[in-house]
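1. Give me a model of this one.
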Amino acid sequence: MTRSIVAALLALCAIPCGAAEEIHSVLPAVATICVHVPGGVEVDGDLSDAAWGRAASVSGFTISGADMLAPNQTEFRVLRDDEALYLGVRCLEENMQGLKTDVTTRDGSVWHDDVIEMFFDVDHDHDSFYQLAVNAIATRFDARSGSRTWDADWEAEASIGPESWAIEVRVPFASLNTDPPEVGEVWGLNVCRERLAEGSGNRVLHNWSNVQGNFLRPWLFGHLYFAGEQFQLTDGVAREIHGRIEVPARVYLTDELALIGPEGVEERLTYQGMLARAFGEAGRLHELHADLASAYREHPDAPFRDEFEPLNERFEHLRGLAETEEAISSVQWAHQTIQISRLTTELRELTWKVKIALLLSEA
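-> Sure thing, here's the model as predicted:
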């Protein structure tokens, strides 16, 4: 399910030929918007600051090198004021006990921990870039185009919760050797995650823009469009963004994903609509749930009912989100799309357990 959904998104825009393919081998590209907020954001690791509500929620992280949505999704938001860029990142984590936070020294090997890495191509030349990394206890690392000798003046704080961890950063434009961007300017941007909490001892790479297993590939970064305090994605603005990045793109907005091309906005897909479509097309999920629900109605004392009840609650939660008229965020869409696949597998396994138990009881 997760693979087919992302593949369908990729197929919605045609892949152009020529120089654009040399910049982005995975198309359409991804992009998002950075709006201006006077006064910026207080950097304390707490993403409840009201200012973050003005930023688009960006998610849909994939396993690097694959077209499959990553379990334990990541969500980020970007804002700016007159002097600095702000990023807030939240990492969903089902194994918080396994979160690795061993590195405590500035410019230490934070990639040996659970870590978020941020990449900025401020010249948008698809070549040079700045790299900032922060683990779950706010240990910082920075480098410039792969050189670890570069250090910048920037802030980072982190917080750890019961089901996620988060970071908040403030990066002065001066630290990136650039002037405050003008409205309409575009940077290269990528946000990536190295997940060690999986529990197997393996490092799993997640990325927003798919850099095919190597984070240091600026020609495959996504794009960040700098807007003013008020922003609407009109056809004119979409044409402007396309003209800057020169390839079709999926633009992550507050409650929708917009597909843009040379003529402007080609399609708008709400995150709720995308989830509703995925849920509606999950025929096997509906069959398995209906069969088990029917079995427990006919056989109230059938075994494993205690296992069915939480699965049924998750199914009904999915149904509620799929049928709601309210907007959902990109991370809700991505996380719940993954749950469709997981829930199908768990219901299938439970179905076999129940069938075998009933057969044995009748023998």
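
2. Where does the prediction get shaky in the stretch 51-200 of the chain?
-> Applying pLDDT under 70 to the stretch 51-200 of the chain flags the ranges 199-200.

3. Excluding chain neighbours, give the residue nearest to residue 256 in space.
-> With sequence-adjacent residues excluded and distances taken as CB to CB, 6 or more residues apart in numbering, residue 256 is closest to residue 270, at 4.7 Å. Heads up, the C-betas are built off the backbone N, CA and C, glycines and all.

4. what residues are up against that neighbour?
-> Contacts for residue 270 were tallied using CB atoms under 8 Å, 6 or more residues apart in numbering; they are 255-257, 327.

5. Which ones among those residues map onto strands?
-> 256-257 (DSSP state E).

6. now the contacts of residue 270: which count as buried?
-> When these are checked for burial by 16 or more other CB atoms under 10 Å, the buried set is 255-257.

7. Using the record's domain definitions, break this structure down for me.
-> 2-262, 273-362 (automatic domain parsing).

8. Now find how far off-centre the last one is within its chain.
-> Averaging C-alpha coordinates over domain 273-362 and over its chain gives two centres that are 24 Å apart (CA atoms, centre = their mean, to the nearest Å).

9. Endpoints of it, how far apart?
-> 45 Å (CA to CA, to the nearest Å).

10. buried stuff in stretch 319-336?
-> Neighbour counts over stretch 319-336 (16+ other CB under 10 Å) mark 321-322, 328-336 as buried.

11. er, stretch 192-208 I mean
-> Across stretch 192-208, burial judged by 16+ other CB under 10 Å covers 192-198, 204-208.

12. try stretch 277-289
-> For stretch 277-289, the neighbour count (16+ other CB under 10 Å) marks 278-279, 282, 285-286, 288-289 as buried.

13. Residue 111 touches residue 195, doesn't it?
-> No - assessed by CB atoms under 8 Å, residue 111 is found out of contact with residue 195, at 11.0 Å.

14. Need the residues touching each of the two.
-> Joint contacts of residue 111 and residue 195 (CB under 8 Å, 6+ apart) are residue 203.

15. just to revisit the earlier point, which of the buried residues of stretch 277-289 lies closest to residue 220?
-> residue 278 (26.1 Å; CB to CB).

16. Give the buried residues for stretch 115-124.
-> Under 16+ other CB under 10 Å, the buried positions of stretch 115-124 are 115-122, 124.

17. With just CA atoms, put it into PDB.
-> Extracted C-alpha coordinates of stretch 115-124, given in PDB (Å, rounded to 0.1, in the frame of the first residue of the first chain):
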ATOM      1  CA  VAL A 115      19.600  12.300  14.400                       C
ATOM      2  CA  ILE A 116      18.000  14.800  12.100                       C
ATOM      3  CA  GLU A 117      20.200  16.300   9.300                       C
ATOM      4  CA  MET A 118      19.300  19.500   7.500                       C
ATOM      5  CA  PHE A 119      20.800  20.600   4.200                       C
ATOM      6  CA  PHE A 120      20.700  24.100   2.600                       C
ATOM      7  CA  ASP A 121      21.800  24.900  -0.900                       C
ATOM      8  CA  VAL A 122      21.600  28.700  -0.500                       C
ATOM      9  CA  ASP A 123      22.900  29.400  -3.900                       C
ATOM     10  CA  HIS A 124      20.600  26.900  -5.500                       C
END
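
18. before we move on, back to that, any chance of the buried residues of stretch 319-336 in a markdown table, with distance to residue 39 and secondary structure too?
-> Output for the buried residues of stretch 319-336, formatted as a markdown table (distance: CB to CB, whole Å; DSSP: H, G, I helix; E, B strand; the rest coil):
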| residue | distance to residue 39 | secondary structure |
| --- | --- | --- |
| 321 | 34 | helix |
| 322 | 38 | helix |
| 328 | 29 | coil |
| 329 | 24 | coil |
| 330 | 26 | helix |
| 331 | 26 | helix |
| 332 | 28 | helix |
| 333 | 30 | helix |
| 334 | 31 | helix |
| 335 | 31 | helix |
| 336 | 34 | helix |
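
19. Reformat these as a markdown table; add pLDDT.
-> Below are the buried residues of stretch 319-336 laid out as a markdown table (pLDDT from 0 to 100):
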| residue | pLDDT |
| --- | --- |
| 321 | 96 |
| 322 | 96 |
| 328 | 96 |
| 329 | 95 |
| 330 | 96 |
| 331 | 97 |
| 332 | 96 |
| 333 | 97 |
| 334 | 97 |
| 335 | 96 |
| 336 | 97 |
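
20. May I see those residues organised as JSON lines, with distance to residue 304 added?
-> Formatted as JSON lines, these follow (distance: CB to CB, whole Å):
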{"residue": "321", "distance to residue 304": "26"}
{"residue": "322", "distance to residue 304": "26"}
{"residue": "328", "distance to residue 304": "31"}
{"residue": "329", "distance to residue 304": "34"}
{"residue": "330", "distance to residue 304": "35"}
{"residue": "331", "distance to residue 304": "32"}
{"residue": "332", "distance to residue 304": "29"}
{"residue": "333", "distance to residue 304": "31"}
{"residue": "334", "distance to residue 304": "30"}
{"residue": "335", "distance to residue 304": "26"}
{"residue": "336", "distance to residue 304": "24"}
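
21. any idea which of the residues you listed is the one closest to residue 129?
-> Of all the buried residues of stretch 319-336, residue 330 has the smallest distance to residue 129: 24.1 Å, by CB to CB.

22. Report the contact partners of the closest one.
-> Contacts of residue 330 (CB under 8 Å, 6+ apart): 56-60, 75, 252, 257, 271.

23. Does residue 289 belong to a helix, a strand or coil?
-> At residue 289, secondary structure determined by DSSP: H, G, I helix; E, B strand; the rest coil is helix.

24. Over to residue 341?
-> helix.
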